[in-house]
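**Q** got a sequence here, can you model it:
(one chain, ligands or ions: 2)
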Amino acid sequence: MSKKDVLNVGIDLGTSRSSISASNGARHVVESYVGWPVDMVARKVVKKAIVFGREALENRPMLDLHRPLERGLIKEGSPKDEAAVRELLKHLIGLAGAGDGVKVNAVVGVPAEALRVSRQHLRAAVKGVADALMIVSEPFAVAYGMEALLHTMIIDIGAGTTDFCVMNGRYPGEEDQRTLTHAGDFIDEQLMVLVKNKHPEARFTIHTVREWKERLGFVGDAPAPVTVNVTVGQRPAQLDITAEMKRACESIVAPIVETMLDLLSRVDPDYQAAVRQNVILAGGGSALKGLPAVIEKALNEVGGGRVRSVEDPVYQGSNGGLAIALDAPAEDWEQLGG
Ligand SMILES: Nc1ncnc2c1ncn2[C@@H]1O[C@H](COP(=O)(O)OP(=O)(O)OP(=O)(O)O)[C@@H](O)[C@H]1O
Ligand SMILES: [Mg+2]
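**A** Ligands and ions are numbered 1, 2, ... in the order given. I've put the predicted structure just below:
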């Protein structure tokens with residue numbers, strides 16, 4: 001097969017959104033929702049056999065809706081969720097424009113923990129969709145894409161998980177990586193409970209709460225009072241949720257700091273100072289206001305360091321996967337056949 005018949009792709013398979021970067025220049029992102037119309041009426045309304053992303057979320061009353069990667073793992077023992085992952089991958093690769101007769105080499109980034117437990121599921125989902133596969137941890141893909149390969153720590157704060165990876169100039173091992181379930185979804189759940197407790201009459205959904213957090217979330221000092229519009233009873237009302245927002249957003253800080261310091265303490269003492277100067281926040285959660293500053297403050301206790309956020313949290317992971325795909329020698333790929 002000639003070289004031009006190969007499409008290399010990097011895929012970031014995320015709990016909340018999944019992105020693809022392809023060697024033909026294509027870049028696409030889809031919210032990780034997959035829905036099947038529930039009955040004949042729904043099929044007639046949505047006019048499709050399967051719906052993805054935002055469109056699926058917006059049509060959710062008519063759909064059997066799946067967010068197949070909750071907590072960063074393919075939900076096990078759920079055939080529908082496995083099918084949803086497969087359809088999502090197929091959809092992404094289709095968007096990237098892989099035509100017939102093109103061999104697809106896919107590097108798929110997943111949470112570090114998922115590497116241990118759901119490799120089989122992922123392999124099954126990719127089979128028939130791609131020809132060759134490499135599964136890597138998400139933070140490693142981010143590191144590779146930034147060429148931050150030596151003396152760096154990546155903290156990828158997603159929806160389902162926060163993934164840590166220390167780069168020592170080689171493929172990271174299990175001991176260099178960690179996964180926490182303190183991430184975006186966790187904040188949303190906390191915020192939901194806190195606001196519900198304070199305003200039991202107010203009506204809102206988890207989707208609304210997530211939108212509040214993305215627009216107004218912060219840690220540390222409040223940049224401004226946080227107010228939101230909701231329906232209380234039958235009426236529109238404005239609520240001040242500054243304290244609840246702070247508490248919910250800060251609920252992920254202590255576990256993240258603790259894990260960061262623990263991983264740091266395991267780095268060869270000769271290189272610890274270098275790693276502290278190179279802490280990189282990635283993923284959607286890295287956009288939380290004030291987060292780099294509070295994590296940097298925690299580093300002061302152990303000699304000081306520097307924390308920065310990536311510039312493009314949407315495509316950083318898939319771009320990194322593509323970079324790996326383009327560099328990887330044949331023996332690093334798993335040929336799926338069939
Ligand atoms: N401006 C923002 N401030 C705070 N959080 C945000 C912001 N923008 C997005 N997020 C949150 O980031 C998370 C999504 O990030 P990302 O796309 O990296 O996750 P993912 O890759 O889908 O999830 P995972 O890596 O856990 O599988 C969501 O929880 C989202 O609400
Ligand atoms: Mg992610």
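
**Q** distance of residue 78 relative to residue 38?
**A** Residue 78 sits 17 Å away from residue 38, going by C-beta to C-beta, to the nearest Å. Where C-beta positions appear, they are placed from N, C-alpha and C, glycine not excepted.

**Q** residues touching the residue nearest to residue 201 when sequence neighbours are not counted, list them.
**A** Sequence neighbours aside, residue 232 is the residue nearest to residue 201 in space, at 4.8 Å (criterion: C-beta to C-beta, 6 or more residues apart in numbering). Contacts for residue 232 (C-beta atoms under 8 Å, 6 or more residues apart in numbering) come out as 199, 201, 202, 203, 239.

**Q** quick check: bridge partners of the closest residue to the first one other than its chain neighbours?
**A** Okay, so that is residue 199. Spatial nearest neighbour of residue 199, chain neighbours left out: residue 239 (5.9 Å); criterion: C-beta to C-beta, 6+ apart. Counting by DSSP bridges, residue 239 forms beta bridges with residue 228.

**Q** ok, how many other residues are close to residue 124?
**A** Number of residues near residue 124 (other C-beta atoms under 10 Å) recorded here: 15.

**Q** and what about it, helix, strand or coil?
**A** helix (DSSP: H, G, I helix; E, B strand; the rest coil).

**Q** go ahead and confirm it touches residue 82.
**A** Yes: using C-beta atoms under 8 Å, residue 124 is in contact with residue 82, at 7.0 Å.

**Q** where along the stretch 151-300 of the chain do the helices fall?
**A** With helices called from DSSP state H, counting those that start in this stretch, the stretch 151-300 of the chain shows them at 184-198, 206-216, 242-250, 253-265, 272-276, 291-300.

**Q** can you list the ones you listed in JSON lines and add mean neighbour count?
**A** JSON lines is the format used below for these (neighbours: other C-beta atoms under 10 Å):
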{"stretch": "helix 184-198", "mean neighbour count": "19"}
{"stretch": "helix 206-216", "mean neighbour count": "16"}
{"stretch": "helix 242-250", "mean neighbour count": "20"}
{"stretch": "helix 253-265", "mean neighbour count": "16"}
{"stretch": "helix 272-276", "mean neighbour count": "18"}
{"stretch": "helix 291-300", "mean neighbour count": "17"}
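
**Q** show me the contacts for the closest residue to ligand 1 within the stretch 201-338 of the chain.
**A** Going by C-beta to the nearest ligand atom, ligand 1 is nearest to residue 284 of the stretch 201-338 of the chain, at 2.2 Å. Applying C-beta under 8 Å, 6+ apart, we find residue 284 in contact with 16, 17, 157, 158, 159, 184, 214, 313, 314.
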